[in-house]
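In: Dropping the sequence and predicted coords here.
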2 protein chains.
Amino acid sequence: MARPRQFNTDEALEQAMQVFWAKGYEATSLHDLIGAMGISKSSFYDTFGSKHELFLATIDRYNETVSSCSVSRAIDAAPSPRAGIECIFRGVVECMTKDGDKRGCYVSNCASEVAWHDEAAAGRIAEGIECMETSFHRAVRQGQEQGEIGKDKDPRALARFLTGALNGLLVMAKAHSNPRALQDMVRVTLDTLD
Amino acid sequence: MARPRQFNTDEALEQAMQVFWAKGYEATSLHDLIGAMGISKSSFYDTFGSKHELFLATIDRYNETVSSCSVSRAIDAAPSPRAGIECIFRGVVECMTKDGDKRGCYVSNCASEVAWHDEAAAGRIAEGIECMETSFHRAVRQGQEQGEIGKDKDPRALARFLTGALNGLLVMAKAHSNPRALQDMVRVTLDTLD
DNA sequence: TTGTTACTGGACCATGTGGTCCATAACGAA
DNA sequence: TTCGTTATGGACCACATGGTCCAGTAACAA
């Protein structure tokens, strides 16, 4: 063995994800990527193989680090499971209307853009979606145990519904800058938990 | 005056929309477009100005011909407003799981891909979304008058919710090929109408 | 027949595309 | 010091990109 790796692969992957997230897969060029990653073209191909392989890797990374945590973490941080769910939806509305960050959810964006052209990506995207569902499922069951979510509801169905509603909210928010429409949507969504 | 127009502008626009719909804006090249439209590059630029102007025109066209009709039409064709709403959601599930047409909704795809980079497009996309909302709003009010949708609900909020839920369903369906998840989502969505 | 117009195909443009290759440099371990 | 490895920058590739321009052709109205 000689000379250990210099640049941080994870960090480069993170930067690449940010670019894909901000611009979309097709609209992102190699130039954009190596610029953001801070590595040379040669290193790029040596380490990540191709633009497409890199892309797949970023979805994996998102699933492992962002997706699997963000929903779960929000729920764990909140005073109760139901409050956690509410917090997620209201947080999305706030984030998408107030500041400039309208990127939405990476896996949701990928689903819209590439999921049905790109089999390899589709599998990973499905994993990401299922991961959200699982987090919601856990929250719903906990909420039901604590009596703040109707016990007559099917927790799996509710989790799937919440996952879909969240994705829908993100799409709406990208077009519709009117916060009232988003707030209305969230209100009705959250009412289903009663 | 001499020689009237030969190729049908509307038809060409329709074809262009189909390509953008199938591939997305960025992934569509001029080559793709003029091939599908069946016109020469020269005519393309003479008539439509640029790829981007053409794109905007396709969104307008979608709003005028597809979007404004599809939801309204489904509702009008159904035996009752509520049945119409149900029909739309179940239709999406069937369409996205059974046959190969996973393109989803044009305006929804555009919202995800370009809405927040592209101001000009965003306005038109917002119009499209509002159009869906309006159709749902009408259906909800009619359903309430006929007693099949809870009269205690705010029809505007419900319409916005349904619009969001539909968009969410489309995103889910692109990734998730599992029909049960989609059916679950639809069931909970439709339960809000009670 | 003539004039006007709609349209085409192809040449041409600069630049960008994803991708390969390689000589060279930096560096750490043996 | 030597050797193996990691990295770089730049040359190079073929082709695609969106876009312009124009000579030529086809069709119709007057």
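Out: Perfect, I can see it now. Note that the structure is a prediction, hence the values are computed from the model and not measured. Numbers count the residues shown, from 1 in each chain, chains lettered A, B, ... in the order given.
In: Have a look at chain A and report its longest helix.
Out: Secondary structure of chain A per DSSP state H: the longest helix is helix A:119-145.
In: From the contact counts, what lies against the helix or strand of chain A with the lowest mean pLDDT?
Out: Using mean pLDDT, DSSP states H and E, the weakest-scoring helix or strand in chain A turns out to be helix A:68-77, at a mean of 82. Under the contact definition 3 or more C-beta pairs under 8 Å, 6 or more residues apart in numbering or on different chains; DSSP states H and E, helix A:68-77 sits against helix A:81-97, helix A:119-145. Placement of C-beta: from N, CA and C, glycine included.
In: Contacts for the shortest one next, please.
Out: Taking C-beta atoms under 8 Å, 6 or more residues apart in numbering or on different chains as the criterion, the residues outside helix A:81-97 that touch it are A:71, A:74-78, A:101-102, A:104, A:136, A:138-140, A:142-143, A:146, A:148-149, A:162, A:165-166, A:169-170, A:173-174, A:177, A:179, A:182-183, A:186, A:189-190, A:193.
In: Just the mean pLDDT for the helix or strand following that helix, thanks.
Out: Sequence-wise, the next helix or strand beyond helix A:81-97 is helix A:106-113, with elements assigned using DSSP states H and E. Average pLDDT, helix A:106-113: 95.
In: quick one: residue A:137 and residue A:6, what's the gap?
Out: In this structure, residue A:137 lies at 42 Å from residue A:6, with C-beta to C-beta, to the nearest Å as the measure.
In: what about chain A, any weak spots by pLDDT?
Out: Where chain A drops to pLDDT under 70, the residues are A:1-5, A:68.
In: The residue of chain A found nearest chain B sits in which helix or strand?
Out: Shortest chain A-to-chain B distance, computed as C-beta to the nearest C-beta: residue-wise this is residue A:168, at 2.5 Å. With secondary structure defined by DSSP H and E, residue A:168 is part of helix A:155-175.
In: Convert that helix to CSV, retaining C-alpha atoms only.
Out: Taking only C-alpha atoms (Å, rounded to 0.1, in the frame of the first residue of the first chain), the coordinates of helix A:155-175 have been written out as CSV:
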residue,chain,number,x,y,z
PRO,A,155,-51.8,2.1,9.7
ARG,A,156,-50.2,0.8,6.5
ALA,A,157,-52.8,2.5,4.3
LEU,A,158,-52.4,5.7,6.3
ALA,A,159,-48.7,5.6,6.0
ARG,A,160,-49.0,5.2,2.2
PHE,A,161,-51.4,8.0,2.0
LEU,A,162,-49.2,10.3,4.0
THR,A,163,-46.3,9.4,1.7
GLY,A,164,-48.3,10.2,-1.3
ALA,A,165,-49.7,13.4,0.1
LEU,A,166,-46.3,14.6,1.0
ASN,A,167,-45.1,14.0,-2.5
GLY,A,168,-48.1,15.8,-3.9
LEU,A,169,-47.5,18.7,-1.6
LEU,A,170,-44.0,19.0,-3.0
VAL,A,171,-45.2,19.1,-6.5
MET,A,172,-47.9,21.6,-5.7
ALA,A,173,-45.4,23.8,-3.9
LYS,A,174,-43.1,24.0,-6.9
ALA,A,175,-45.8,25.5,-9.1
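In: and the following helix or strand past it, how far out from the chain's middle?
Out: Following the chain from helix A:155-175 toward its C-terminal end, the next helix or strand by DSSP H and E is helix A:179-191. Per C-alpha atoms, centre = their mean, to the nearest Å, the displacement of helix A:179-191 from the mean C-alpha position of its chain is 20 Å.
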